[in-house]
Structures are given as structure tokens and as C-alpha cells.
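Need a 3D model of the following:
(2 chains)
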Number of protein chains: 2
Amino acid sequence: MTATAEQYTVRHRETLDRALQAIRERAFWTPYPELPKAYGEQAAADGKAAYEGYLGGAFPLVQPGTDEMVGGERSPYGAELGITYPHPDLDELLPAMRAAMPRWRDAGPDARATVLIEALARLNARTTEIAYAVHHTSGQAFGMAFQAGGPHAQDRGLEAVAYAYAAQTAQVAAAEWEKPQGPKPALRMAKKFTAVPRGIGLVIGCNTFPTWNSYPGLFASLATGNAVVVKPHPNAILPLAITVAVLRDTLSEAGFDPNLVALAVEKPGEGLAKVLATRPEVRIIDYTGSTEFGLWLERNAAQAVVYTEKAGINTVVVDSVGDDDYKGMLGNLAFSFSLYSGQMCTTPQNIFVPRGGITVGGEHKSFDDFGSDLAGAVEKLLGDDARANALLGAVCNAGVSERLKKAESVGKTVLASRSVANAEYPEAEVRTPLIAAIDAADSEVYTGEWFGPISFLIAVDDTDAAIETFRRTVREHGAITASVYSTDDAVIERTEEAALDAGVNLSVNLTGGVYVNQSAAFSDFHATGANPAANSALSDLAYVANRFRVVQSRRHI
Amino acid sequence: MTATAEQYTVRHRETLDRALQAIRERAFWTPYPELPKAYGEQAAADGKAAYEGYLGGAFPLVQPGTDEMVGGERSPYGAELGITYPHPDLDELLPAMRAAMPRWRDAGPDARATVLIEALARLNARTTEIAYAVHHTSGQAFGMAFQAGGPHAQDRGLEAVAYAYAAQTAQVAAAEWEKPQGPKPALRMAKKFTAVPRGIGLVIGCNTFPTWNSYPGLFASLATGNAVVVKPHPNAILPLAITVAVLRDTLSEAGFDPNLVALAVEKPGEGLAKVLATRPEVRIIDYTGSTEFGLWLERNAAQAVVYTEKAGINTVVVDSVGDDDYKGMLGNLAFSFSLYSGQMCTTPQNIFVPRGGITVGGEHKSFDDFGSDLAGAVEKLLGDDARANALLGAVCNAGVSERLKKAESVGKTVLASRSVANAEYPEAEVRTPLIAAIDAADSEVYTGEWFGPISFLIAVDDTDAAIETFRRTVREHGAITASVYSTDDAVIERTEEAALDAGVNLSVNLTGGVYVNQSAAFSDFHATGANPAANSALSDLAYVANRFRVVQSRRHI
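Numbers count the residues shown, from 1 in each chain, chains lettered A, B, ... in the order given. As a prediction, the model looks like this:
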């Protein structure tokens, strides 16, 4: 290990140990502050300047096998970014990445973990710059881009590093084995156990959460000794280009080959993800995106282990609520529908409500009245345009607008989506949630994902039917999140049982400042890997344990 | 949990804790004695009587959906077993198995682990009976069938239980999460984390090690809350039928549904493994056998996670040996070639030897002289027919005999295989190892597996060429074992580096009572999952961590 790498090992040992404790205990913890003021007064201006410095130029990243510079990002807030990035000749880039691996493997789990924590610390220091990059590629409002794209993504990266470290150190690095032989001398062997990487990991980024959804796979593969090639979504390259540049610098300074991490940006229509995913050098794939391509990867990238997060139908079961909690429940749901215009893999879509109504504070509330109350809560939340913009962000692609249009003719519109003016960025498309009431019989509507600010109030016979439809539809079609509202412990218990059976994480009676679409690193698992929406969770042991293999050597003593 | 299950939890807690320590520390440990005398004077007679009691009758196993009784095992030692077993109607059996799972899931990791350790204790008490069953289905000599089919298989089962327990308890079962909110009250959530099973596990048994190769997957899937259907090799049903019966009894007595485990025996030519492997209820598959069917499973059983052990080309690199160690090295290799007639996935096949010879005690030894010495060591080891029978066992199927015939015309025969008479069982086919000398240029010969007592002395340019050919061929074609003989630390280091790169476990300078084809549970990993011979190791975290998923439920406090 180099002197610099040793320095990092000392500097970040405590953070690693604390993270290892956190993934076991799952109480609240984070080393990366989520409030901008924690980053000092100069950070906002510096970050903005850094972001603006990239615009209209070639991104400063020198990689082997770059055959041309490509790009074409356009901000959902209007402007062309005009940044170009290296496009790879894979026959040059991938061998260079493979060549970087033996030294990284030989460094061992401690050095790898702490060098990566150094990189995370550097990314953390550049949170504002990354926030601007996420804001202008995903369309997330700036405040959300700051938190989700910065500290929360860094949390998920560190969490993956901790799991990777825990899995690799599950057994000693060396052991003596002594087997008694009765009266004869014992058999004695010295054994060494080495974690070896699989090969090159491929991380396929998404448009909406370029850092948050990429960091777990990126850091998990690196921490287990692999090299990683990052293929960003063509609309959201910059946040990952900054990330790759920071990692390459950190690795280099620590005495490792920077080619352990590389960016692979595609030309328009090139389909680079498919090409990369079936290269023999690529042995691990992390993907967030459509079910169609996720299933293609699972079935066609036979040479790799494939971790996917795909589409799902997030579900809410509404049974009853206390009088004091009704307003909180409506506000909580309204916020969940609105946050980032519902462009989250965690936004609730299917709200199962008994056809005959629900109980609020012991009183009956009809299905229609509940719908009106919910619509009113959304309207109230988004009544002020400035606040609406800060919550909704901008529509990130035309597909969302098309689905909103289509949803207008589904069932009975309980709340229409409206366009919100954005004074700073007049070109931004900002849309409020649409809520449509449909019947449980309309299953063709609600068994598919309507990605965007679209939710269905689905009339079911009763609470039992709601729970059973929840169980069956999530089991068959997948979900990342689910929640239930009930004052009846038996209903909550039956919903929990259904959630275990369907394999989805459940939130019970959320009425305050925690939303079903948010998960906290080190405490909440994001997705379960137990239903069709994802084959893995961020992060757990299963997410890391097969990114490396243990190879042993033994000899007589 | 029932009173009986609680009893088991108390009774076996110490064994579980000791096993958890063992998988971390990887020193010698086993709770199951490998010497017959440890089982008491009566065990031999009782076990034989129990085995003979099964012959010619219906095996006592009552399962849902049994549509007829089938069987057709014939001992490699001559006799028809004449035992019949339940053949399943899967549309009845699999739903009954699924229905058994929720209660098993709800029992939690502690109860599952200790109930399974109780089952292992009962299997251990029936070791002699199982030894006879393994002996007469695999053709293993009785002494080996006793150890490998009994205590060593039980060790591997317990090891899998320990890993499964460790993975499921990697996080707390419940946590409180409290996130500070500056001057406002903290956000507080109570969270529960539940390990949920994937579904039904399918274990596909093999002919040669019906218990040893099946117990890891069987116990790992059960310990993580799944049900398991066991599909034995049609020639080796009885050892797994006894195992399934013991598990069903134990589960039943502990208050669980015995349908958590079932036996699925096929009719001749039915291809039941393929049918089972693609059933939607089957979510985990464990397989040991041909590369062809292993790859078929990996590519076609898309609904399941698939663990396979396939063919490989186990390799020895010979460079140099000290004078004192030469005899030990020859004896060690001769034993490894001979044990169970080389019908082990761990038997060395490819022996790379410099064309110009090796160094023995500082003196030059020609390639041909080394070949003669090695042939002589095998002849000496097997010179006595009784000892030869005790080591070689019987040829388990016609494929082995056919390959021996074919190998006669490959290269230059250094040692011909001979038939050994078996006084007790005149019908048994007992064959000694064949050794053929070939050249490194004959790569079409040695890049495929010749399962059985067939080894090649392969002339290479020098030790470096041996190491590089080892690295390349194992990387491309796979291996479960590798070993190197050298007095030169630099050669050993280069071979270790090649082994890390090829992803194969290495044994260095084995000259004593440890053989390359033996691995000790709790200390040696069997296979690495890092080369084409297997996609997993017995056992490690990766082998268990994806057999269950964690589902959480959270609510405000």
C-alpha cells in the first residue's frame, strides 16, 4: 500500500467502523449533512461557478481509448448544456481497466474501503456543484437535487462500501488448521483466503437519479476489487462525469491506476448499454430503468451477475384513520404524489379505498368525499407557485407528459393536472399531480406503471379486498413501496402479512414528516429484491456478497 | 414457536454458536466424528439391518400428490435395490409445500437453525445406515461412503445452516430510528426487519455424492425459510430419501408442516429436473453435474437463482521437490488419482511437467523418469487387491468405463488401468487409474473433463509455461482444485498469483495426509464460483445471502 493510501486508512477507519455499526443497528446515522448551510457560505457560489464552468466545453476527463467527444444534454429547465465527454473504443478501454485490477485486488478490503471513503468525502465537498448538475439533468428542484443527488447518494455509496467490507471480512485472511489424528501427529495446514474481483462492473445510470441510483453499485463493485465502467443516461451525464473524475483523481493520488473507473458516454442511438452488457469482460451489471431493458439484461447478460431496479406499482391501502391524523394523512399523501412530480420509483400510484368509504375519527367518509379531500390537500400544498416549483421540479422527458395526457381519459378525474409557471425558467414544464378514480375491475389500468404524477383511487369491495388485491398485484407486477392507513391493529397485521408475502417494504400510518417515497440509508432498505420491481435491495449482503469470490491457498506447516 | 422447537433452540444453541465461530476463524472443527468406532459397537449391525430393511420394498414416505411409486436403483456392487419411492403430481405437491412456508418463515432464523441442527443430529445418529445407502448407490468404498456420505456431508449441512443464520441476522430484527430536526422534535420511527423466503428450493442430486453435494443447498434453503424439493439422481435415491424422511419427521415433531421438504423421484426418461426447474414456484436451484445441464439451468430457469457445480479440469503444476518430499509427493498424487477411482469433481486430471524434466532434491529428473516414478507409486499403492478395493470403490456408471477405453489411445500410456477383483462383490467393476503422457500442443485433449481415473502428464516448455497454461485453461474451462509442487518460493508465488487470476483454490506442496481432492468444512471453501467449474462455493455468504430477502415495516413512534 502507498503512503497516501495508508493515510486514508487511518483517516477514514472511524467512519468505516461507524458505518459497519450502522448497517447492523439500523438506527439514524449519516456522516454527510443534508442542509446546505453545513457546507459553508462560499459553497453555493463556488458550486454554481463550477457547474457553469463545464457548460459549452469538453469535460476534463482523459481516458484510454477515447475515439471522439460526444454529448447532448439539455436541461429540463431549458438550456442546452453543450458539454462533450469521451466516447470509448471498448477494445482499448476495457483491457486498460482490466490491467488496473490486480494491484487494486492485492490492496485488500481495508485499503479499498478507505480510499473509496476518501473519494466520498471529496464528492461530499463538491455537493453544490453536483446538485446543479443533477438539477439541470434530472429536472429535480434544486433543494431535492442537493439532498438526493449529494449527501443521500453519498450515504448510499458509503453504505455499499460498508456492506462490501463486511462481506469480504466475514472470514479471517489467514488461518491455521490442525486436525487431530489420534496417537499420530496432527495434520497441520496454513491457509490464506483472498477476496478476488469478478471483472469489470457496468453501472447503467438513469435520468431521474443519476447519482443516488448509481452510487450503490459503483461503490459496491469498486470496494470488492472490481473496475467499473459507468454508462450514464444520455440526458444525465454530468453528475456521473464529475463522480468518475473525482474517483479517478482519488485513486491516482492513492497510488492506484485511475482506469479502475471510467465513463462510457454513447453516441445518439448507439445502444452502448447493450454492447457493454454482453462484453465478456463485464461480469457485474447494475441497472435502474425500464422493466423491458431490465429483463433483457437479466436474460441476455449471462456472463454477468445482474442487479436491476425496474418498474413497479406502489400501493396504498386506506382503511381508517383517527380524527387527529386525517389532515396529516392527506398532507402526507399529497406530498408523496407531488415530490419531483411523481417521477420517483417510490411514488404511490395505486390507492385502494373501500367502495363504501372509510372511517375517519369513527365517522363514515364516502369514497367520493375522501377523493375530494385528497384532491384538496394536493391543491392546498401546491397553491403557491413558488412552493409548487420547489416541490415539483420539472418534467424530465416527454413520456411523462404523454402519460398525463392519456390519464385524462382514464376513469373519473378527481384532480386534474395543471401546468405551473416557473418564473426563473419559463421553458420548464412543471405539472401538478393527476388523480383518477377507477374501479377494482379496471385492472388493466392499475397493473402497469404510470411513471409520473399520476395516481389512481381504486374502489374495492372492502378492506380485505384491498389487502388481497395489494398482495396479488404487487406479487405479480412488483412495487418498491407500500403503505397502509388503519386504526385497526388487525388490519395492520393482515397488511403486514400481505407485504411479507408480496415481498414489499411497508410504511404504516405515515402522517408526519416521513414520506413513503423516501428511504434513509443505513436504516431503510430500498426495494426488497423479493418482487418483480427489483431483483436486489440497496444495500444488503446479497447486494455485495457475489461481487467478489474468495480464493484460498493452503500448505502444510 | 412450539415447546419442542424451543427445546431444540436450547439444546443446539451452543453448536450453532460454535459453527458461527468456525466459519469466521476457519480452523479445524467438526461436531460429527468421522471414525466409525465413535458411533458405538451396535451401529454397524443396526445400520446394515436398516439398509437391508429397505431393499425390495416401498420406501416409507407419505407425501401429498403421490401418483405412483417408482424406482430402479442398482448397486455398482451388483444387486438391484428394488426400492420404490413416491412419484409426485407437482400440481398437488408444490402447492402443499408453499402452504407450509409462512409458519416456517414466522418462526425466525433461530428456530429454523436449531430445528435443522436437530435433524442433522438425527442424520448423524443414522450415519451407518446412510453409509450403506451411499456405498450401494454411488459405488464409493464403504469407508469413504461412511465419512463423505455421513459426517462430512453433515458438516457441510451445518456449515450452510451457520452461514444462513449469519446472513439473516446481519441486521437487528427491530430498530428505532430518530432523526434530529434542528429545533423541531426529532422524527422517530419504529422499524421491523423480517427475512422472507424466495419460494421453493430445488436440489438436484448427483450420482457420486448424493448427500455431500446436496446437503449444502438443502440446508441453506431450509434455514432461510424456503421449502425444498429434492430430485435425486435416479441411481442414487436412497440416501436422499432417508434424509428427506428424517427432515420431515424432525419438522413435524417440532410443530412444523413436514411438507417443507419433499422427495421427487422421476420415472425413467421423464426429465423431471427440467420440469421442476422451470416451475414458477421454484425460486432457488442447487445443482451438481454436467456442464451441459448446468448451463441449461443457468440460462433457462430465469425465475430462480441457480447455484451450479459443473465439470472442470483440475490441474497440478510440477516444478521441483526436495529429496525428502519426493516419495511423499508421489504417494500423495497416487492417492488423489485413486480415491473413488477418480470419480470426484476434485480429482487432478492435468499434470503440467516441464518437457526437460523437474528438479528432485537438487538433481535433475527427466519427464519420462518422473512419469515412471508416478506410475510406480500408483502401482505400489494399489498392489494389494483388498487395499485397492477399499480405495477405489466401484465404477458408478458406463460413461467412466467408456472414457477409460478411449483414453487408452491418447498419447503415450504411462500407466494402464487394470481391473481389480472384488471378492465380496464379483460383479463390481473396479478400475485402477490410467496415466497418459501428452504434449501441451494436444490442448483439445486436456481442455475437457475426463471424469474418472484418468490423468494426463502434459509436457510443457518450462515452469513458466506450466503456470501460464494453468492460468489460461482454468480461466477458460474451470477447475475445482489445483496444486503446485515447487521448492522455489518465487514459483509458488507466481502460481498463487495465477490461481487468484484464474479463480481456483490452490494447494501447495501436498506430501502428507491431506489430499488435493479433499476439502474440510468450516475451513476449506469447496470451489470458488470464480471460474467456469462452479458459479458458487460451498459455503460462503454469497451462497446463502440471496436465498432470502429482507422485508421491512416501519411506523411513527
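
got the CA positions of the longest strand seen in chain A in PDB?
Longest strand of chain A, by residue count under DSSP state E: strand A:184-197. Below are the C-alpha coordinates for strand A:184-197, written out as PDB (Å, rounded to 0.1, in the frame of the first residue of the first chain):
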ATOM      1  CA  LYS A 184      -0.300 -39.800  15.300                       C
ATOM      2  CA  PRO A 185       0.900 -36.200  14.900                       C
ATOM      3  CA  ALA A 186      -1.900 -33.900  14.000                       C
ATOM      4  CA  LEU A 187      -2.300 -32.700  10.300                       C
ATOM      5  CA  ARG A 188      -1.500 -29.000  10.200                       C
ATOM      6  CA  MET A 189      -2.100 -26.600   7.300                       C
ATOM      7  CA  ALA A 190      -1.700 -22.900   6.900                       C
ATOM      8  CA  LYS A 191      -4.400 -21.300   4.800                       C
ATOM      9  CA  LYS A 192      -4.800 -17.900   3.100                       C
ATOM     10  CA  PHE A 193      -8.100 -16.500   1.900                       C
ATOM     11  CA  THR A 194      -8.200 -13.700  -0.700                       C
ATOM     12  CA  ALA A 195     -11.200 -11.800  -2.000                       C
ATOM     13  CA  VAL A 196     -10.900 -11.600  -5.800                       C
ATOM     14  CA  PRO A 197     -12.900  -9.400  -8.100                       C
END
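
in its sheet, what does that strand sit against?
Strand A:184-197 pairs in its sheet with strand A:174-181 (antiparallel), strand A:548-556 (antiparallel), by DSSP bridges.

Check these for me and report the most buried one.
strand A:548-556 (a mean of 23; mean count of other CB atoms under 10 Å in any protein chain shown). Where C-beta positions appear, they are placed from N, C-alpha and C, glycine not excepted.

Mind checking the pLDDT average for that one?
Averaged across strand A:548-556, pLDDT comes to 97.

cool, and stretch A:262-277?
Stretch A:262-277 shows a mean pLDDT of 97.

quick check, it touching chain B?
No - for stretch A:262-277, no contact with chain B is found by CB under 8 Å from any CB of the partner chain; the gap never falls below 15.4 Å.

what's near enough to touch residue A:58?
Contacts for residue A:58 (CB atoms under 8 Å, 6 or more residues apart in numbering or on different chains) come out as A:69, A:83, A:84, A:85.

nope, residue A:211 is what I meant
A:130, A:134, A:148, A:149, A:150, A:153, A:239, A:240, A:243.

Can you say which of those residues are buried?
Buried members of the contacts of residue A:211, counted by 16 or more other CB atoms under 10 Å in any protein chain shown: A:130, A:134, A:148, A:149, A:150, A:153, A:239, A:240, A:243.

just to revisit the earlier point, make CSV from the strands paired with strand A:184-197 and add distance to residue A:384 to it.
Converted to CSV, these look like this (distance: least, CB to CB, whole Å):
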stretch, distance to residue A:384
strand A:174-181, 64
strand A:548-556, 51
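
what's the closest of the ones you listed to residue A:330?
strand A:548-556 (47.5 Å; CB to CB).

chain center to that closest one: distance?
Centre-to-centre, strand A:548-556 and its host chain are 35 Å apart (CA atoms, centre = their mean, to the nearest Å).
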